[in-house]
Each structure stands twice: as structure tokens, then as C-alpha cells.
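> Just to be clear, the model below is a prediction. Sequence and coordinates:
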Amino acid sequence: MARGNVGGGGRGVEDVFAGAEPGAPFSAAEVADAIGVDERRARALLRASVDAGRLRSKALPDGGRVWWRPLGGSASPADDALVEVEYRSASLAAPFLAAFEAIEPTGETVPTDAEIVATVDSVVPLRDGALQYYTVRGVSPGRYLAALRRIPGLSTVRLLSTDGDEVRVEVRLEADGLADLFRAFGGWVTGGTLLDSEIRIRGTVRGETDVADVTAAVREWVPDAELVRRRTVHTPRIARTILTDRLSTQQSAALEAAYYGGYFAVPRRSTGEDIATSLGVTRQTFNHHLRLAELAVVRELFGVTDDDAL
């Protein structure tokens, strides 16, 4: 094994990980002690190994950070390859269609011929549920909001914007089993569409994942789910690094909710207080996590290290 990033005592940073199981986490303090350097030097060496693709890193909720050696000994290029899968289900669409039917005027029937198209733009996982952002066409805002509020499991519904026949909303779910499932396979839900009386859900999983295992897990939640497409996709390394390595769960949630909730829109469609309420945190907590997330993105884009940051 190459003894790259050698510390003061002659032992390389990656030697510390060589004797541990892949995925075993180490803190900078543990690495510093093992190779005989101060913690600041250890962090610099660890960052170099992450940049070279030999180690991975993740921010922790308490502000700390851990590093680990990925399975197979390399985080590049295989870790940038993901598999996108798409499933369709009529049972997932049923609650939405039933909700629309319940608010139809007397004598009017529910359209089932693709007149209403609802798309899931993003799913933001939370500790106690998830936020989902929808774009809907072919239905009035009032009718759509009224229908959503009849669906079990949606605790809050918030109108974000309207533009002609396009409606954007934010909903908070008490639980999202499918989002949790995709995270367990190293990926996330990338979108979904209500069309022709069925819902199509798209998500990504790690490139080395057996799709048959994913399908079996999806069918435990949605028995009628049918796999209709799979393809390999590549996420730019900078995006993967920011999403999976640089941001804590709270920072990622704050950044995504701010973006999809319209906080960065011009003119602004949601206030910081609106986003904080959706996340279930205080305005100060939201501001704190958003600021750290923005700083992480800037550092990654411009190559700023902790030592360089003001």
C-alpha cells in the first residue's frame, strides 16, 4: 500500500485506516494521535486523501467530522456512479385521486386521462418525517390544496407560488418510508409524477447495489410497485462531495428547504421564518444551519480550507 500523506512519525494517514474495516469512522484527533502530528496537520492530510478519492468524510450533527475508508479502498470513480430506478404504482395514486373525487362539484367526475399532472420536485428528509415539494398542472390552486389536506399523513400544506396553470406547494409528511428506503441504499428520491391514474417514483441507489434487492424492499412498502426503468447516472464529484460529505443532515435539509421553498427566489417566496416552521426548528437554528451549508458550498467551489476561512 502506498504510504501517502505521511505524518511526523513516518506513519501515513491512510495506514491508520488500513487496519480497520472499510467504513469504520475515525476523528481527526484519533488520526493525529496515531501518526504523531497535531490535529490541524491531521485535518490537512485527511482533506488531501479525500480530494484524492482514497477516503471519505462526513460532517456530524454536533459540528464534528469523521473520515473512513470506502469499501474497495477507493471513493473514485465508482462512487460517483449511481443507478437511477423508476417504479410505477396505482395504489400510491389512489389516495390522491380519492381526495380529488371527494371535493369534486356534484355531477363532475375525476379526470383520469392525464389532465392533472403532479410532479415531486424534491424530498427533504427530516428527523420526524419529510418535506416534499410538488409542481402541479391542470388544476386550480384551491382545489389542489383542498385535496391535499384530505390525504392522511400530510401534517401541513403550504402554497408556494402560482404561475398560470402551474401550482407549487410544500407538504410535510409525518413519515416517508420510500425516502428512508432509498437513503438506506445510499441514494435518495429524485422525483415522482402523478399521471394516468398512477404514480411513478424515481430514485437513485449506489452503483454497486443489486436492483433486485431495491425492488424487493420497495414492494414491502408498495406491493403493486413495478420496475419500469433503470439506468446508470453520474453525479458530478463536486455535487456528490457537497451532498454526502460536506453537509450534516440538518445543513442539507436547511439548504434544500430554502432552495425548493423559494427562500432564494427573486422576489422571495418564503421568509426564513416560513422555512424554519416547515423544518420544525427556530429561526435562529435555521439561520445557523443554512449559513454553515452556504459556507461549505463556497469552500468546495473555491477551494477554501478551514485554515483559510475568515
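Perfect, I can see it now.
> how about stretch 193-212: buried residues?
Buried residues in stretch 193-212, defined by neighbour count with 16 or more other Cβ atoms under 10 Å: 193-195, 197-205, 207, 209. The C-beta positions use only the backbone N, C-alpha and C, and glycine is treated the same way.
> Among those, which ones are in strands?
With strands identified by DSSP state E, the entries of those that belong to them are Thr193, Leu194, Leu195, Glu198, Ile199, Arg200, Ile201, Arg202, Gly203, Thr204, Val205.
> any low-confidence regions in the protein?
Along the chain, segments meeting pLDDT under 70 span 1-11, 61-63, 71-80, 103-115, 234-245, 301-310.
> And the helices in it?
Counting by DSSP state H, one finds helices in the chain at the ranges 13-18, 28-35, 39-51, 90-102, 141-148, 177-184, 211-221, 237-240, 249-260, 272-279, 283-302.
> Give me the distance between the residue nearest to Val218 when sequence neighbours are not counted and Leu194.
Take Val218 and drop its neighbours on the chain: the residue closest to it by Cβ to Cβ, 6 or more residues apart in numbering is Ala225, 4.9 Å away. Applying Cβ to Cβ, to the nearest Å, one obtains 15 Å for the distance of Ala225 from Leu194.
> that older thread, using TSV, please lay out the helices of the chain together with distance to Trp67.
As requested, the helices of the chain are exported to TSV (distance: least, Cβ to Cβ, whole Å):
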stretch	distance to Trp67
helix 13-18	8
helix 28-35	7
helix 39-51	5
helix 90-102	39
helix 141-148	43
helix 177-184	21
helix 211-221	28
helix 237-240	16
helix 249-260	18
helix 272-279	28
helix 283-302	16
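> Looking at the ones you listed, spot the one closest to Gly64.
Set against Gly64 and scored by Cβ to Cβ, the helices of the chain come closest in helix 28-35, at 8.6 Å.
> Compute the inter-axis angle for the closest one and helix 39-51.
With axes from the mean of the first three to the mean of the last three Cα atoms, to 10 degrees as the basis, helix 28-35 and helix 39-51 are set at 100 degrees to each other.
> other SSEs contacting helix 28-35?
For helix 28-35, the helices and strands in contact under the criterion 3 or more Cβ pairs under 8 Å, 6 or more residues apart in numbering; DSSP states H and E are helix 13-18, helix 39-51, strand 65-68.
> now for the shortest one, which elements pack on it?
To tie it back to what came earlier, the one meant is strand 65-68. Using 3+ Cβ pairs under 8 Å, 6+ apart, strand 65-68 is in contact with helix 28-35, helix 39-51, strand 56-59.
> which one of the ones you listed lies closest to Arg299?
helix 39-51 (10.4 Å).
> So which elements touch the closest one?
helix 13-18, helix 28-35, strand 56-59, strand 65-68.
> Would you convert those into a markdown table that also reports mean neighbour count and distance to Gly129?
A markdown table is the format used below for those (neighbours: other Cβ atoms under 10 Å; distance: least, Cβ to Cβ, whole Å):
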| stretch | mean neighbour count | distance to Gly129 |
| --- | --- | --- |
| helix 13-18 | 21 | 35 |
| helix 28-35 | 19 | 33 |
| strand 56-59 | 20 | 22 |
| strand 65-68 | 19 | 26 |
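> The ones you listed: which one's closest to Tyr259?
Shortest distance between Tyr259 and the helices and strands packed on helix 39-51, using Cβ to Cβ, is found for strand 56-59: 18.6 Å.
> Now the closest one - C-alpha only, PDB.
What follows is strand 56-59, C-alpha atoms only, in PDB (Å, rounded to 0.1, in the frame of the first residue of the first chain):
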ATOM      1  CA  ARG A  56     -14.500   9.800   2.500                       C
ATOM      2  CA  SER A  57     -15.700  12.200   5.100                       C
ATOM      3  CA  LYS A  58     -19.000  13.300   6.700                       C
ATOM      4  CA  ALA A  59     -20.000  16.300   9.000                       C
END
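> Please state the offset of it from the chain centre?
15 Å (Cα atoms, centre = their mean, to the nearest Å).
> what do you get for stretch 140-151?
26 Å.
> buried stuff in it?
Within stretch 140-151, the residues that qualify as buried are Pro141, Arg143, Tyr144, Leu145, Ala147, Leu148, counting by 16+ other Cβ under 10 Å.
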